[in-house]
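S.K.: What would the 3D arrangement of this be:
(4 chains)
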There are 2 protein chains.
Amino acid sequence: MPDKESSKVLVVDDDPQIARALRINLSARGYEVVTAHDGTAALKAVAETRPDVVVLDLGLPDLDGVEVIEGLRGWTQVPIIVLSARDDSTDKVQALDAGADDYVTKPFGMDELLARLRAAVRRSGLSVADADAQVETASFTIDLAAKKVRRDGAEVHLTKTEWRLMELLVRNRGRLVTQKQLLHEVWGPTYDTESHYLRVYVAQLRRKLEPEPSRPRHLLTEPGMGYRFEP
Amino acid sequence: MPDKESSKVLVVDDDPQIARALRINLSARGYEVVTAHDGTAALKAVAETRPDVVVLDLGLPDLDGVEVIEGLRGWTQVPIIVLSARDDSTDKVQALDAGADDYVTKPFGMDELLARLRAAVRRSGLSVADADAQVETASFTIDLAAKKVRRDGAEVHLTKTEWRLMELLVRNRGRLVTQKQLLHEVWGPTYDTESHYLRVYVAQLRRKLEPEPSRPRHLLTEPGMGYRFEP
DNA sequence: TTGCCGCGTCAAGGAGCCGTCAGGCGCGGT
DNA sequence: ACCGCGCCTGACGGCTCCTTGACGCGGCAA
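M.R.: Now for the predicted structure:
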């Protein structure tokens, strides 16, 4: 397991008592913690802060828990661990089938939650295989773990948006990534058709990384569909 | 979601009562079930039968549960769901940190177990998901996930419309696809009779992919009905 | 045989998409 | 308050790809 810089956790709970307890415990374990107190804020927070895992309490004031899960699963595979006071079997089935990864019944042991959190993060981590977090092309090198790009030995600085876009393309290297998918994962689920953003940022990446930006060899356009990164 | 043939489950339990109950329930849900009664047999069974998910009861006669998990995690990422009569927090933490995906305490509801099973399979499914979306013919190969077509090793570029049409035919390989269906799925539900579009694009696909475009071997015409893709 | 219909082929036009540049705006740091 | 960086937005030119029409061929029925 590579040294993982602290994972970011989104805690969704309307009970400030529990939210506070979780924040303290998780922070103490080295997690970066973001909180939301209702479903709407949760959906927004995921789009904006991109947590590595979501801890979701059921019984929120505004939305049903299943609705929140469905809202997230429409565009992201971030692991979701559900907390609930109800030990009812049908609740569990509904939440899990909606796309939750795990379901923990209150009262729960903090040890157990932490273990389940580790399991969820571990799983999602290895599915994208940080095995080769280092990707090389003829003209530049990308280190996914360190979030660094080097070209001719010198380091190239990428902005936050540039990096998100680049990372998504690199993690799907060789595969075509659709415009919609890129927009959703980089700008958020409400962006469907703003393909102009993509053109601008792909152009910037090409200018920074391609030997001949006007004749790209690695960041390829598939007209009408999306983009593709070829190592 | 592509047609999923039944998943294979390995049930590891030394209590024949429970093993039998699980076998019956899982079989009834369309799972293919394999059983093992101790840890040694479990390790062997995973290597031999390659299940899609493992349901592992703790408290086996020969090996400690954590040892079984570690033995598996040394070489495979198959999802592991642990069953246990012990609700002890440290047991859960140990199992999860050893690499288990989930931990269910007995007595458990069969509904819940099935839901957790579905969640585990779904997760592992989407990471390698379309990995095997590779279709081969005598003269070219199609990668549905990457949206790539190769012919004699060289990559052939398909446009958006060409690809939509090709994908639809490939996903229905061996079957006849009617003109109306093709028009609806590629051009939209308002297109019913514009079969001219089909003729133009099928011709383009044949020119790009068939060894003898005038004598097609894979993209076949069914006069008056539609088209068929034969691998 | 002759006419008709469906299919395959080719090429031209035009719509829509893409790349590029420049300017404005917000935000954080000095 | 000022400055600079990064993000968003608009305009415009170029190019790809979709559409569309014309034509030849072959099968089938009258």
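
S.K.: For residue A:83, give me phi and psi.
M.R.: Dihedral angles of residue A:83 (phi, psi; degrees, to the nearest 10) stand at phi -110, psi 140.

S.K.: cool, and residue A:186?
M.R.: According to degrees, to the nearest 10, residue A:186 has phi -100, psi -40.

S.K.: Confirm for me that it is in contact with residue A:166.
M.R.: No. Using C-beta atoms under 8 Å, residue A:186 and residue A:166 do not qualify as a contacting pair, with a distance of 9.8 Å. Glycine gets a C-beta too; all of them are placed from N, C-alpha and C.

S.K.: Domain ranges for chain A, per the record?
M.R.: What automatic domain parsing lists as the domains of chain A is A:4-125, A:134-229.

S.K.: out of these, which comes closest to residue B:113?
M.R.: Smallest distance to residue B:113 across those (C-beta to C-beta): 9.9 Å, for domain A:4-125.

S.K.: can you tell if the closest one touches DNA strand D?
M.R.: No. Shown here: domain A:4-125 not in contact with DNA strand D (C-beta under 7 Å from any atom of the strand), separated by at least 11.1 Å.

S.K.: Next, count neighbours for residue A:205.
M.R.: Number of residues near residue A:205 (other C-beta atoms under 10 Å in any protein chain shown) recorded here: 23.

S.K.: Now do the same contact list for it.
M.R.: The contact partners of residue A:205, taken as C-beta atoms under 8 Å, 6 or more residues apart in numbering or on different chains, are A:158, A:162, A:165, A:166, A:219.

S.K.: Neighbour-wise, give me the winner out of those residues.
M.R.: For the contacts of residue A:205, counting by other C-beta under 10 Å, the largest number of neighbours falls to residue A:165: 26 neighbours.

S.K.: quick revisit: what is the nearest of the contacts of residue A:205 to residue B:145?
M.R.: Residue B:145 lies nearest to residue A:219 out of the contacts of residue A:205, by C-beta to C-beta, at 19.4 Å.

S.K.: Test my guess that the closest one contacts residue A:226.
M.R.: No. Counting by C-beta under 8 Å, residue A:219 does not reach residue A:226; the two are 11.5 Å apart.

S.K.: shared neighbours, the two?
M.R.: Counting by C-beta under 8 Å, 6+ apart, nothing touches both residue A:219 and residue A:226.

S.K.: Write out the residues of chain A neighbouring chain B.
M.R.: Contact residues (C-beta under 8 Å from any C-beta of the partner chain) of chain A with chain B: A:77, A:89-90, A:92-93, A:96-97, A:99-103, A:109, A:111-112, A:114-116, A:118-119, A:122-123, A:126-128, A:174-176, A:222-225.

S.K.: try 7 Å
M.R.: Within reach of chain B by C-beta under 7 Å from any C-beta of the partner chain, chain A has these residues: A:77, A:89, A:92-93, A:96-97, A:100-102, A:109, A:111-112, A:115-116, A:118-119, A:123, A:126-127, A:174-176, A:223-225.

S.K.: In strands, which of those residues fall?
M.R.: Among the residues of chain A next to chain B, the ones falling in strands (DSSP state E) are A:102, A:176.

S.K.: Please consider this matter closed, and thank you.
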